[in-house]
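K.L.:
Build the 3D model from these lines:
(chains A and B)
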Number of protein chains: 2
Amino acid sequence: MNDPLKIALAGLGTVGVGTLKLLTRHAALLERRCGRPIVVAAVSARHRDRDRGVPLQDYAWYDDPVAMAADADAEVVVELIGGADGVAKDVSEAAIAAGRHVVTANKALLAHHGTALARAAEEAGVTLAYEAAVAGGIPIVKALREGLAANGVERVFGILNGTCNYILTNMRESGRQFDDVLAEAQELGYAEVDPGFDVDGVDAAHKLAILASLAFGCEINLGAVHTEGIRRVSPLDIRFAEELGFRIKLLGIAARTGAGVEQRVHPCLVPLEAPIAHIEGVFNAVVAEGDGADTIMLEGRGAGAGPTASAVGADLVDIARRRATPTFAVPAAELEAVAAAPMERHRGAYYIRFMVLDRPGVFADVAAALRDHDVSMEGVLQRGRAPGAVVPVVMTTHDAEEAGMMRALAQIEALDAVAEPPCMIRIETFSTGGAG
Amino acid sequence: MNDPLKIALAGLGTVGVGTLKLLTRHAALLERRCGRPIVVAAVSARHRDRDRGVPLQDYAWYDDPVAMAADADAEVVVELIGGADGVAKDVSEAAIAAGRHVVTANKALLAHHGTALARAAEEAGVTLAYEAAVAGGIPIVKALREGLAANGVERVFGILNGTCNYILTNMRESGRQFDDVLAEAQELGYAEVDPGFDVDGVDAAHKLAILASLAFGCEINLGAVHTEGIRRVSPLDIRFAEELGFRIKLLGIAARTGAGVEQRVHPCLVPLEAPIAHIEGVFNAVVAEGDGADTIMLEGRGAGAGPTASAVGADLVDIARRRATPTFAVPAAELEAVAAAPMERHRGAYYIRFMVLDRPGVFADVAAALRDHDVSMEGVLQRGRAPGAVVPVVMTTHDAEEAGMMRALAQIEALDAVAEPPCMIRIETFSTGGAG
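P.N.:
Okay, the predicted model is just below:
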């Protein structure tokens, strides 16, 4: 028998305990897949005495995870603490400095410090593995880094946050407002008490920044991700979108454009014919457009103890088999510092809804504002008439530049007859009849 | 710079030429991903002088691919000839015997000889890689073998043949008969002149046998795949299925059951809520149900020069990076010879359509036949009345055993009032609201 792969595990929350359970349940399977057993040598968490439903007495205990990362008798440190800085970062750096591989589920850490950590790991000759950090149980990191290694990828996008997708699905099915559905999701445990990380798009932005680096071979650039959440999506717009043949999804989209790499997270109208429109509830999906493989979509659960442990386990099997790959597909030292395409330069189609006083001349003013800024209308949806009352007017545009669209919206908002700030949602289209 | 990875390529049809083009176009990208350049050292094909639109003068030419596999100055032999036996098998065996890695897109070869070839390769210490053999550009082999390595997988299924899916999509959209649509597909080049390999389910069976081995760690057992094609699917049944909330797809399904491993390829009714119901045209999709990751679906193009070359390229990157994995996820010597679950023992729901003379008592006879064989009705669809004429009656059943269903159908077919052999299509359901 080959030497076991000894691991030290930092963090015993839901995911940490799920990982311990998986390693125990599948010890025999993993031994066959790894060619050697995986042995948990040490663990660390904040509270030693908490009952977590798993026996811990066989593992060396460390109160200090950083000390564990530096000293434990382990080849691999599994970091399941979370957070962009602080302990998680210290643990990862200590492990790398001590010549140990790092497996992490920490998207925030990677989005903020991924390039530097990858450089350090590669200089130390160890692996920094993070399949669990993006889209949970979906093996998208492996798919982009290895499965599509022979492709030039021009665009990668996806539904990267299950909480937002659950809320949007529920709003569409029930017709209820965002706040209502969020409160229920919080009660059910599908959303955090402090929901901003999810519903403001921050979590999706972290994952997108990682995907962009993997797909395009560029340094991680979280600051360049244009990020909007789903708080301003209303049941009214969900309904209008359906009427127009679209569904509203929070997408993260990274693409190479003439102006550099564009990264953006925001609600989108996606055509109902696109398979990604049918990814509902807590499910995630990622689409990659390769120049050889064409459009590939991966779908599955993006969070939870089981899916995350599955991804951590896959990384451990790779390490046990000594399958090494540069962290972001090409050596970290070769990652390019690619220009970020500014959002004002984005080109695309738009859905816009105005609440206007139904009186003569308003429509002409709106149309003039669009024309003044080179935005050309594609269609208009206006239901019935209600002279003197406030009514919604919905428009879709042809491809236009974001800067012009924004100036037109400001001009429209300033009109007397416009009762509230216009609602704008970008329309995302896909070239093939395929997975997109 | 590291030593280049030298390869010898056998077979210069569409896929072979596509692979050469990809290796040329992405030489720089591949060198970064591989850590060393990929160099084509030798090629072999049947006709040397054919114009293939790619220059061949830089490569050593072999008339005999088997001689090339044995003698060429190459670490890897890429087998793109095809066919279960004959030259493709000889090339692969010669390459392994000479201590060279083999990359193949040949599903027939693997389905017939995969276990033996894997044993030979592993004994010789070389890789047998075959990402291109299943679902083209979709990295499903890597996903099952590595990405889901920490999961027990109980079921894997998918749309594995793009020609069949194209025909079924077209039949549904146009309402035309199978023969019509097939003829058109042949004219357009989407179906072969001899279409049996595709439309009789043989190609899908090959791929399913490979997936089952990968998912369950068992020897490949092509003979155990119950295989039916799509020739008897009619527009009438497609329409009734839609009315009942289902779409008809040719699925390959492999599952662990109490009676052993069940492998089957046949048309299925899948619920419209299932994402796999929305995979249309030439696209393929594979769903794996893991006990950690839960349901994962991968979708993309299952054939064509670009997607196949993408998969071949991924295998080459793995070899260049010296990332080795047992061929079917566990060492070939440890693959189990698992009992095949006989199709008569299959349990599931059924869609059945009878063409019956509309006269009193017929329905009672049909119901009695079902009851006699423990098949319980779930619903009945009968449109209007036409006394004395032949009308379709459609039923769906609760879960029943295949053997009983078959006996009931034989009894029904023998009834005077039944005008033609009943049509039976199995209903496939999925436990989650997810990818299935």
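K.L.:
CA only for contacts and neighbour counts going forward, please
P.N.:
OK.
K.L.:
Which SSE is immediately downstream of the lengthiest helix in chain A?
P.N.:
In chain A, assigned by DSSP state H, the helix with the most residues is helix A:107-124. Sequence-wise, the next helix or strand downstream of helix A:107-124 (DSSP states H and E) is strand A:128-129.
K.L.:
ok, and does the helix or strand that that following strand is followed by reach over to chain B?
P.N.:
Counting by DSSP H and E, the element after strand A:128-129 in chain order, helix or strand, is helix A:140-142. Yes - Helix A:140-142 lies within reach of chain B by Cα under 8 Å from any Cα of the partner chain, at residue A:142.
K.L.:
just how off-centre is the helix or strand following helix A:140-142 within its chain?
P.N.:
Later in the chain than helix A:140-142, the nearest helix or strand by DSSP H and E is strand A:153-159. From the chain centre to the centre of strand A:153-159 is a distance of 11 Å (Cα atoms, centre = their mean, to the nearest Å).
K.L.:
Pairing partners for strand A:153-159, with directions?
P.N.:
Within its sheet, strand A:153-159 is paired with strand A:246-257 (antiparallel), strand A:283-290 (antiparallel), according to DSSP bridges.
K.L.:
Low-confidence stretches in chain A?
P.N.:
A:1, A:431-436 (pLDDT under 70).
K.L.:
Which stretches in the stretch 151-300 of chain A count as strands?
P.N.:
With DSSP state E, counting those that start in this stretch as the criterion, the stretch 151-300 of chain A has strands at A:153-159, A:226-227, A:246-257, A:260-271, A:283-290, A:294-301.
K.L.:
So what touches the third one?
P.N.:
Under the criterion Cα atoms under 8 Å, 6 or more residues apart in numbering or on different chains, residues A:154-161, A:164-165, A:168, A:204-205, A:208, A:211-212, A:216, A:229-230, A:238, A:241, A:261-272, A:277, A:341 lie in contact with strand A:246-257.
K.L.:
hey, C-alpha coordinates of stretch A:263-275 in PDB?
P.N.:
Only the C-alpha atoms of stretch A:263-275 are listed here, as PDB (Å, rounded to 0.1, in the frame of the first residue of the first chain):
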ATOM      1  CA  GLN A 263     -16.700  41.400 -16.200                       C
ATOM      2  CA  ARG A 264     -20.200  42.100 -14.900                       C
ATOM      3  CA  VAL A 265     -22.800  40.700 -12.500                       C
ATOM      4  CA  HIS A 266     -26.300  42.000 -12.900                       C
ATOM      5  CA  PRO A 267     -29.900  40.900 -13.600                       C
ATOM      6  CA  CYS A 268     -30.400  39.900 -17.200                       C
ATOM      7  CA  LEU A 269     -33.300  39.100 -19.500                       C
ATOM      8  CA  VAL A 270     -32.400  35.800 -21.100                       C
ATOM      9  CA  PRO A 271     -34.400  34.300 -23.900                       C
ATOM     10  CA  LEU A 272     -36.800  31.500 -22.900                       C
ATOM     11  CA  GLU A 273     -35.300  29.200 -25.600                       C
ATOM     12  CA  ALA A 274     -31.900  29.300 -23.900                       C
ATOM     13  CA  PRO A 275     -31.400  26.300 -21.600                       C
END
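K.L.:
is it anywhere near chain B?
P.N.:
Yes - for stretch A:263-275, a contact with chain B is found by Cα under 8 Å from any Cα, at residue A:275.
K.L.:
buried stuff in that stretch?
P.N.:
Across stretch A:263-275, burial judged by 16 or more other Cα atoms under 10 Å in any protein chain shown covers A:263-275.
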